[in-house]
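Student: Kindly return the folded structure for what I paste below:
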Amino acid sequence: MKQPIASSRKRRVWRITQDAPLGKYVDPNEEAAGSPLPQERFEPGWRQSSFDLAYGLDVSEAGETVPDDVMDELFRKPAR
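Tutor: Numbering: from 1, shown residues only. Below you'll find the predicted structure:
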């Protein structure tokens, strides 16, 4: 049985990072030896908003309202 021939080519991986948002090829062996992977940042989204609304966020509505005739014009049912 033949032994597989070790390739002399470097292995490259396509990575998208904060420094390269469109991506770039990197050597995974160099990354492992370098600095640790950057930590993912948490961006509040719909979950945080839902939590705030459910558990005590103060919400105030503006006093201005849209007149009824403008609402009817904007959201009238399409003619069939």
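Student: Can you tell me the SS state at residue 63?
Tutor: Following DSSP: H, G, I helix; E, B strand; the rest coil, we place residue 63 in the coil state.
Student: Any stretches of this protein with poor pLDDT?
Tutor: Applying pLDDT under 70 to the chain picks out residues 1-9, 31-42, 59.
Student: what separates the spatially most central residue of it from residue 49, distance-wise?
Tutor: In the chain, the residue lying closest to the centroid (Cα atoms, centre = their mean) is residue 43, at 8.4 Å. Distance, residue 43 to residue 49, by Cβ to Cβ, to the nearest Å: 12 Å. Every residue, glycine included, has its C-beta placed from N, CA and C.
Student: again, but for residue 14
Tutor: Counting by Cβ to Cβ - residue 14 and residue 49 are separated by 34 Å.
Student: swap in residue 66?
Tutor: Between residue 66 and residue 49 the distance is 24 Å, computed by Cβ to Cβ.
Student: between the two, who's got more neighbours?
Tutor: With neighbours defined as other Cβ atoms under 10 Å, residue 66 and residue 49 compare such that residue 49 has more, 11 against 8.
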